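Q: with the input below, show me the fold.
(3 chains)
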Amino acid sequence: MSNGVGKVEYVSYFDTKSKYTGIMSWLTTMDHKRISLMYMYCISAFFLVGVVLGLLMKVEHLAPGETIMKAQTYNGVFTVHGIIMIFMVVIPGLSAVFGNFFLPILIGGKDVSFPKLNLFSWYLYVTGSILAVASQFLKAGPPDTGWTFYAPYSANTGTSVIIATTAAFILGFSSILTGLNFIVTVHRMRAPGMKLFSMPLFPWSLYATAWIQLLATPVVGITLVMLIAERLFKIGFFDPALGGDPILFQHLFWIYSHPAVYVMILPAMGVISEIIPTFCQRKIYGYKAIAMSSLAIAGVGFLVWGHHMYTSGMSENARWFFSLLTFVVAVPSAIKVFNWILTMYKGSIDIKPPFVYAVIFIFLFIIGGTTGLLLGSVATNVQVHDTAFVVAHFHYIIFGGMGFAFFAAIHYWLPKMYGRMYNLKRANWAAGIMFVGFNILYFPQFIIGIQGMPRRYFDYPVEFQPAQIFSSIGGFILATGLIIMIANLVKGARKGELAPNNPWGGSTLEWTLPSPPSLLNFDEEPVINENPYDYK
Amino acid sequence: MSEHVVHHEEHRDDAGAKLGMWLFIFTELLLFGGLFLVYSVYRLQYHDNFHEASLELSVTIGAINTIALLFSSMTIAMALSAVQKENKKLALIMIGITLLMAAVFLFNKYIEWGAKFHHGLYPGSELMTLLERGHILYFSLYFFMTGLHALHIIIGMILLTICMVKVKTNKINKERFVLLENGALYWHLVDLIWIFLFPLLYLIS
Amino acid sequence: MSDNHDIHITEYSVLVKIVTLLMFFTLMTITVANLELGPLTLTIALLIAGVKSYFVLSYFMHLKHEGPLLKILVGSVFILFISIVLITLIDYFYR
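A: Got it, this is the predicted structure:
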């Protein structure tokens, strides 16, 4: 709101002065945009650590037997790779970075409902991350349980499980508070005229995601505390010798961790739903269907967790129940894919990097999603559970899906966030290299998985070696593309040409603001269009 | 260019604050929910053991605690009404009674747990390992659930004490009471959880 | 924004009535437990606890006088939790 006397002078959010200067002005900020960048820098750093750990595993897999590390080390590496990627990168990822930056702007607001809580969430994230890193260097040795911490092994192993689970607990709390903040923001911070069904689709996806963060995370929170109690006091919940059931741990763990994958993918789908209309210069096909399908996925996603447990010893009735619901939840996801493609049909397509990444997303997501059906069906699952097939499936969905959506988002919104443009050609090249590397890395894993290659094994029969070598080469190609992409973005953000307000011709509210925006986003009351994707 | 100093305008949204508190309550429900889930699984599997073990608990103390919490829910609700009716004195008295009831609850808990510890019955004790499996699980659940609940009582007491101070210094008043409203909501949550804990732990027939 | 002018204030008398009801239901729960009704005891105990919760939510927590959004949300969360428990019990019931 302007202060009455003439127009407010524009000051970028980078230049707003506060009580502190330098890094302190960032560490004490309550500006959702600065908090977003702080998340991005941390998450990117941890992502790169996770990539290095992944590459180490690929090097280990170049030959059977011990190549560069012993079995125990390998167990520690895949565990920390999972902990970092899942809890510190992919779950917070899109919400904490682009949700924080753009949710308030896309609904015409000045900030989130609880700015102080927002900063506190970031500090919780940092604390949890530090503890997770610390668990790697303590005397007891890095955790070797896998990021899934299954009992009874996790209750008995001598490694630093308690620190790691405490870290996950704190990270979970950060996630819960972010979800809480976003839900209240959507209900209370919309500009006048911004009805719920006038919100663009990214806010819709963030809203559905926030509900999952809020309601599912506490379950894993209490489960991790139970695990800690099991280690410290032998309470027996998961110990058969004391009457407990290890499968109950799996139930409790997946009651959170399955909805968690929708935390990962829903904002990703939201990003794609923003990018496609812009680069096709067309209203999105089936806006309401996409909005409602996000809520449907969130809801039904709470009821399918058992499909991670078909071979665990669950009862027959449980297995078919979960399988049925798993097929049900696939439907709303498929709806979105159809809608995106239909939006492109007869659209005026502009092949810029955000669109390239979005198309790659759709391709990789389709592969990941359909292999999910193979996993969701009990009969076929039995063959591929705990094999490299599963590893390929979730990397297609999480990395190919959420990861490439993250890349799409940063290419889309970097000009707005930093006020500068990157080199478009180099960005497209990087995308192409990564696409090739990605498929070489992961597709063979489907094949050897069906042939029997187990997951989380540092060793393998020699007949799998050619495929493993091929796959590992793909990893290094992918990493090359990653480096080119990141270098290009960093250079663009720091020294690129100044970006206009609306470099892509987008129709949503962020493109009406200067690049970068000012502290309070809208220095004048925004004019809300009833239809968020209003293209001529 | 003039210095643009940040004054994060006092953005006040009582309805938003209340919605936020309700959302937080949902997370607490799911948090305890995980424990209720474990309870329901093991009660199903070890029904007789659960019954036998529950006889170790005093229904009388459990009932007194239930009455204390229910009463305290009434008094904190009255405190809120009192603030809304500008009756500061009554509000302070009511919050005080609420805190007193909470203290009674905690004292009883201390007696109950103390008695168990005295008999060597606590998580990880040698006696525990000698019990039947269903008994072990029952007592583990008993200590975990009542312990987590007691932790929330302590947190609630701290919150309400802060509210009491703010009522005294007029920072909470008829025009501005969302803090007390939210503190009361938190307190009612603590009561709600006990409403289920009492029959499930003490009254297994 | 403070729009506290049209808020509903719960009367003390209402609160006293509710707590009396709650005490009565508590007494009922204890009595039923002593009646040796077998598996029915659990069902009745949970039903009574549910009724008590309804009163705490509606009157102490003021839900009765809140907007439809909050009522729907509270109901949904309970339904979600109960669904999760029931689905998990599908496994254990049929082991």
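Q: domain assignment for chain C?
A: C:9-61, C:67-95 (automatic domain parsing).
Q: gap between the two ends of the longest one?
A: From its first residue to its last, domain C:9-61 covers 12 Å (Cα to Cα, to the nearest Å).
Q: quick one: the helices in chain B?
A: B:14-45, B:47-54, B:59-84, B:88-118, B:126-130, B:133-168, B:178-202 (DSSP state H).
Q: with distance to residue A:447 added, can I get the domains of chain C in CSV?
A: Where C-beta positions appear, they are placed from N, C-alpha and C, glycine not excepted. Shown next, in CSV, are those (distance: least, Cβ to Cβ, whole Å):
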stretch, distance to residue A:447
domain C:9-61, 51
domain C:67-95, 33
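Q: residue B:37 is nearest to which of these?
A: domain C:67-95 (5.5 Å; Cβ to Cβ).
Q: for that closest one, give the mean pLDDT please.
A: Average pLDDT, domain C:67-95: 96.
Q: may I see the buried residues of that domain?
A: For domain C:67-95, burial by neighbour count (16 or more other Cβ atoms under 10 Å in any protein chain shown) applies to C:70, C:73-74, C:77-78, C:80-81, C:84, C:87-88, C:90-92.
Q: same question, stretch B:62-72
A: For stretch B:62-72, by 16+ other Cβ under 10 Å, it's B:62-63, B:65-72.
Q: ok so, going back, so which of the domains of chain C gets nearest residue A:461?
A: Closest among the domains of chain C, using Cβ to Cβ: domain C:67-95, at 34.5 Å.
Q: quick check: closest non-adjacent residue to residue A:294.
A: In space, residue A:294 comes closest to residue A:208 once its chain neighbours are excluded; the distance is 4.0 Å by Cβ to Cβ, 6 or more residues apart in numbering or on different chains.
Q: who are the neighbours in contact with the one you found?
A: A:262, A:266, A:294-295, A:297-298 (Cβ atoms under 8 Å, 6 or more residues apart in numbering or on different chains).
Q: what angle do the helix or strand that it is a member of and helix B:133-168 make?
A: Residue A:208 belongs to helix A:201-233 when assigned by DSSP states H and E. Calculated by axes from the mean of the first three to the mean of the last three Cα atoms, to 10 degrees, helix A:201-233 forms an angle of 120 degrees with helix B:133-168.
Q: could I get the average pLDDT for helix A:201-233?
A: Rounded mean pLDDT across helix A:201-233 is 97.
Q: ok, now stretch A:282-291?
A: Mean predicted confidence for stretch A:282-291 is 94.
Q: ok, stretch A:240-253 next?
A: 96.
Q: check stretch A:356-367 too.
A: 97.
Q: can you list the buried residues in it?
A: Buried-residue list, stretch A:356-367, by 16+ other Cβ under 10 Å: A:356-362, A:364-367.
Q: now what about that stretch, what contacts it?
A: A:268, A:271-272, A:275-276, A:279, A:337, A:340-341, A:396-397, A:400-401, A:404-405, A:407-408, A:411, A:427-428, A:431-432, A:434-435, A:438.
Q: for the residue in the stretch 101-250 of chain A positioned nearest to chain B, which non-adjacent residue is closest in space?
A: Going by Cβ to the nearest Cβ, chain B is nearest to residue A:243 of the stretch 101-250 of chain A, at 2.7 Å. Using Cβ to Cβ, 6+ apart and skipping residues adjacent in sequence, the residue nearest residue A:243 is residue B:133, 2.7 Å away.
Q: pLDDT at the one you found, what is it?
A: 93.
Q: that one and residue A:21, how far apart?
A: 63 Å (Cβ to Cβ, to the nearest Å).
Q: quick check: what element follows the helix holding residue A:208 along the chain?
A: Helix A:201-233 is succeeded, C-terminally, by helix A:246-280 (DSSP H and E).
Q: buried stuff in that following helix?
A: Using 16+ other Cβ under 10 Å as the test for burial, helix A:246-280 gives A:246-280.
Q: now the phi/psi pair for residue A:498, please.
A: phi -60, psi 140 (degrees, to the nearest 10).
Q: surely it meets residue A:492?
A: No: using Cβ atoms under 8 Å, residue A:498 is not in contact with residue A:492, being 11.1 Å away.
Q: those two: who's more crowded?
A: Neighbour count, other Cβ atoms under 10 Å in any protein chain shown: between residue A:498 and residue A:492, residue A:492 has more, with 22 against 10.
Q: next one: the one helix or strand the more buried one maps to to chain centre, how far?
A: Applying DSSP H and E as the criterion places residue A:492 in helix A:465-495. Taking the mean of its C-alpha atoms, helix A:465-495 sits 19 Å from the chain's own mean (Cα atoms, centre = their mean, to the nearest Å).
Q: show me what that helix is packed against.
A: On a contact count with 3 or more Cβ pairs under 8 Å, 6 or more residues apart in numbering or on different chains; DSSP states H and E, helix A:465-495 meets helix A:32-60, helix A:404-418, helix A:424-450.
Q: is the longest one in proximity to chain B?
A: What it means is helix A:32-60. No: remark: helix A:32-60 sits outside contact range of chain B, by Cβ under 8 Å from any Cβ of the partner chain, the gap being at least 10.8 Å.
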